[in-house]
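1. one predicted model, sequence on top.
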Amino acid sequence: MRAVLWDMDGTLVDSEKLWDIGLQEFYRRHGRELSEEVRATTIGGSSEIVMRIVYADLGLEPDPVDLAQTADWLHDYVGELFETGLPWCAGARELLDDLSAAGVTMALVTNTRRGLTEKALNSIGRHYFSVTVCGDEVPAGKPSPDPYLRAAALLDLDPQHCLAIEDSVTGTTAAEAAGCAVLVIPNEIEVPAGPRRRHAESLADLTVHHLRDVHAELGTELDERTA
């Protein structure tokens, strides 16, 4: 394990609840309420994917200009909430500190736009990360592997030497497609098991040693399957 690649929303900080507030406000303005089922399909998605899901559910014409304007409005709305401070997911800050003390390289890999990510980093601490990759800086966001491939390239590492930490199906799919081993910490939705992923209930009580073991175990299993 040469690096740990962190997802942000729902993995490091419990910001998905703030996105809930923004989406519910948009639905309220259209006389509707966002269902739990539809919300679950948006978790971890890129801005474009989320907007198309929401517009389809509301029966709105997916005009590209209108989609972009709504995405801008949503990011501005949630950005104001971000500035009030972001709640940490259990154990996240402690594990960041432990990895930093151990000299492990880290990157932040998120579908969130750069402007909003910068606001989040004011709460999280940008000093933890050697590189940060945002959803508006790659050809396609998660579940495409592009964000993770870019992060590995910026670190000059092969993705197979990286452990991604994710909370969603979308993010886990992206990390696996890029060639990373994945530690899944489910937050709001269940993430199915898979050959290149391991699950843990929480980041709390995990150590650098645990992460190295997960990466080594998944790497060994991959070698056995491809031999």
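-> Looks like it arrived, so ask away.
2. for the residue nearest the centre of the chain, phi and psi?
-> For the chain, the residue sitting closest to the mean C-alpha position, by C-alpha atoms, centre = their mean, is residue 7 at 3.4 Å. Here is the backbone geometry of residue 7 (degrees, to the nearest 10): phi -70, psi 160.
3. OK, contacts around it?
-> Going by C-beta atoms under 8 Å, 6 or more residues apart in numbering, residue 7 touches 44, 109-110, 164-168, 171. For the C-beta atoms, the positions are set from N, CA and C on the backbone; glycine is no exception.
4. let me have the residues you listed in TSV, adding distance to residue 219, secondary structure and pLDDT as columns.
-> Formatted as TSV, the contacts of residue 7 follow (distance: C-beta to C-beta, whole Å; DSSP: H, G, I helix; E, B strand; the rest coil; pLDDT from 0 to 100):
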residue	distance to residue 219	secondary structure	pLDDT
44	24	coil	73
109	19	strand	98
110	25	coil	96
164	13	strand	98
165	16	strand	98
166	17	strand	97
167	22	coil	94
168	23	coil	92
171	20	helix	95
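5. state the pLDDT value of the residue nearest to the centre of the chain.
-> Predicted confidence (pLDDT) for residue 7: 97.
6. now it: how far from residue 75?
-> 18 Å (C-beta to C-beta, to the nearest Å).
7. give me the number of neighbouring residues for the nearest residue to residue 176 once chain neighbours are set aside.
-> Nearest residue to residue 176 in three dimensions, chain neighbours excluded: residue 196, at 4.8 Å (C-beta to C-beta, 6 or more residues apart in numbering). For residue 196, the count of nearby residues is 19 (other C-beta atoms under 10 Å).
8. isn't residue 196 right up against residue 217?
-> No: with contacts defined as C-beta atoms under 8 Å, residue 196 does not count as touching residue 217, sitting 10.7 Å away.
9. ranges for the helices of this protein?
-> 16-29, 36-42, 47-58, 64-82, 92-101, 114-124, 146-154, 169-178, 208-226 (DSSP state H).
10. of those, which is nearest residue 189?
-> Checking the helices of the chain against residue 189 by C-beta to C-beta gives helix 36-42 as the closest, at 5.1 Å.
11. dump the contacts of residue 7 to TSV, plus distance to residue 137.
-> Formatted as TSV, the contacts of residue 7 follow (distance: C-beta to C-beta, whole Å):
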residue	distance to residue 137
44	17
109	10
110	10
164	17
165	20
166	18
167	21
168	19
171	16
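12. same list (these) but as TSV, adding neighbour count and distance to residue 34.
-> Formatted as TSV, the contacts of residue 7 follow (neighbours: other C-beta atoms under 10 Å; distance: C-beta to C-beta, whole Å):
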residue	neighbour count	distance to residue 34
44	30	16
109	32	26
110	25	22
164	32	28
165	27	27
166	30	23
167	25	19
168	27	17
171	31	21
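13. just curious, which of these is nearest to residue 95?
-> Nearest to residue 95 among those, with distances taken as C-beta to C-beta, is residue 165, at 8.7 Å.
14. please name the bridge partners of that closest one.
-> When bridges are called by DSSP bridges, residue 165 pairs up with residue 6, residue 183.
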